[in-house]
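Undergrad: A predicted structure for the sequence below; I have some questions about it.
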Amino acid sequence: MTDTEPATDIEPDDTVDARGAACPGPLMDLIGAIRSADSGDVVRLLSDSDGSLTDVPEWAEEAGNELLAVEELDDHSAFYVEKA
Amino acid sequence: MTERVVIVGGGTGGSVLANDLADRLEPELDAGDVEVTLINDDPEHVYKPVWLYVPFGQREPADGRRALDELIDDAVDLRIDRVTEVDTESQRLRFDGDGPPMEYDRLVLATGSTLEPERIPGLAAGGHDYYSESGATALRDELLSFTEGEFVLSVIGTPHMCPAAPLEFVFMADDWFRERGLRDDVEVTYTYPIQRVHGNPHIAEWARPIMEERDIEVETFFNAESVDPDAETLASMEGTELDYDLLVAIPPHGGIDLIEAAGLGDDGWVDVDKHTLEAENAENVYALGDTADTGVPNAGSVAHYQAGVVGQRLASEVRGRPATATYDGKTLCFIETGMDAASFVEFDYERPPSPAPPSEKLHWSKLAYNESYWLTARGLL
């Protein structure tokens, strides 16, 4: 969990369940969802790929979208990304 | 009672499977205990890897076409028609027009990928591709007379057919311009959506130094958002804008609509067990090749190997035996690294790829396989 705010309080506008997909599938699914989202929308990505822990933050920064929180759950992580 | 096996899609996966079943189930087919039907909306089978060479003037689109009725065993019923609906509850298919529905006992979906350039504003008008016959010939008309300027190869849609092909095309173009003494006048740029140059980290690690060595400009984290055909610019979601004189793009891909309508999966890809290739949301349905959402590359070799697995499983089921054959993720690709050299990779769910050192021998092996592909389609190789 990041120290930004409790992830459970964030209400996503869209959720992408990429559990089971190998890298870079989850990131591409997130990019696809952000592509069709409106500015200010929050997309939640569920991923169990270790690669997501690095490539999602890297991409969010590169694209100027804000990674609001990362929730580390038992067998996967949830990433909350707000479209700029 | 006759067991009706229906395959939708006459590409590599569907054709190899139809011929595999004709051989494997010969006694049952002869006795009338089983019927195998292959449905395709085009009387011709298309071998897409030929298109890589068309823009360079090295192959003709006709080299990639053969009549399906010449490739498919006579024991298989070949129906040229377009399926418009799959009803997995009643186990029926409906077709264009007013014809009666077709009932099936076991269904295999091998409908493949379609191109969706319209998802990126301006792309259809401003970009070229070699992922379709018409795209490859239009690109040939531009490329053969292209002697200077900004050449951009942009991977826009993923997953896309043949993940190696963007690397191949940019390596071939670089070499081709060099051989013709034009490379100093052509700037070559390659873009990719994530932080490396290929989805597979092992292949990306291998390809990146080759790009640096050959002065191929690289833009990573580049997700094309729009193309301006008048200004000849390509803009990304990440805020980068590139000028181009010739834009070659890998357009967004999708499956066909009826898969989502049937509740089998999103975006036209069937949710499957990645080992058995059985659909997760319906009984007695398999998917293979691009259509099966397994996470492995959308490649002909994958469809070929998966067809063998589905053929074994269907034969077991028809004979009332437990189906035990499983797909292990096996993928095999040649990767052209220029006009006269190629690499080769073989990998599966457990073993990552390790690209072979590029050689002329591997290049000729690729071309030789492309020629002998027609034996694969016939189920002989």
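TA: All right, it came through fine.
Undergrad: whatever helix or strand B:Val16 lives in: what's the following helix or strand?
TA: Here B:Val16 sits within helix B:12-24, counting by DSSP states H and E. The element immediately downstream of helix B:12-24 (helix or strand, assigned by DSSP H and E) is helix B:26-31.
Undergrad: now tell me what touches that following helix from outside.
TA: B:Glu3, B:Ala22, B:Val34, B:Glu35, B:Val36, B:Ala75, B:Val318, B:Arg319 (CB atoms under 8 Å, 6 or more residues apart in numbering or on different chains). Where you see a C-beta, it was placed from the backbone N, CA and C, and this is true even at glycine.
Undergrad: in the helix holding B:Val16, what counts as buried?
TA: By neighbour count on 16 or more other CB atoms under 10 Å in any protein chain shown, the buried set for helix B:12-24 is B:Thr12, B:Gly13, B:Gly14, B:Ser15, B:Val16, B:Leu17, B:Ala18, B:Asn19, B:Asp20, B:Leu21, B:Ala22, B:Arg24.
Undergrad: for chain A, identify the residue most remote from the centre.
TA: A:Asp74 (16.5 Å; CA atoms, centre = their mean).
Undergrad: show me which residues of the stretch 101-250 of chain B sit near chain A.
TA: B:158-159, B:193-195, B:199, B:201, B:221, B:223, B:225, B:237-239 (CB under 8 Å from any CB of the partner chain).
Undergrad: the strands in chain A, which residues?
TA: Using DSSP state E, the strands of chain A run over A:14-17, A:42-47, A:66-72, A:77-82.
Undergrad: looking at the ones you listed, which is closest to B:Val8?
TA: strand A:14-17 (27.1 Å; CB to CB).
Undergrad: how far off centre is that closest one?
TA: 9 Å (CA atoms, centre = their mean, to the nearest Å).
Undergrad: count the residues that sit near the nearest residue to B:Asn40 once chain neighbours are set aside.
TA: Leaving aside its chain neighbours, B:Asn40 sits nearest to B:Gly10 (3.1 Å; criterion: CB to CB, 6 or more residues apart in numbering or on different chains). Neighbours of B:Gly10 under the rule other CB atoms under 10 Å in any protein chain shown: 28.
Undergrad: if we can go back for a sec, closest to B:Pro49 out of the buried residues of helix B:12-24?
TA: B:Thr12 (9.7 Å).
Undergrad: residues touching the closest one, list them.
TA: B:Tyr47, B:Gly289, B:Gly300, B:Ala303, B:His304, B:Ala307, B:Thr376, B:Ala377.
Undergrad: which pLDDT does the model give the residue lying closest to A:Leu53 once chain neighbours are set aside?
TA: The shortest distance from A:Leu53 to any non-neighbouring residue, by CB to CB, 6+ apart, is to A:Ser77 (6.5 Å). For A:Ser77, the pLDDT comes out at 95.
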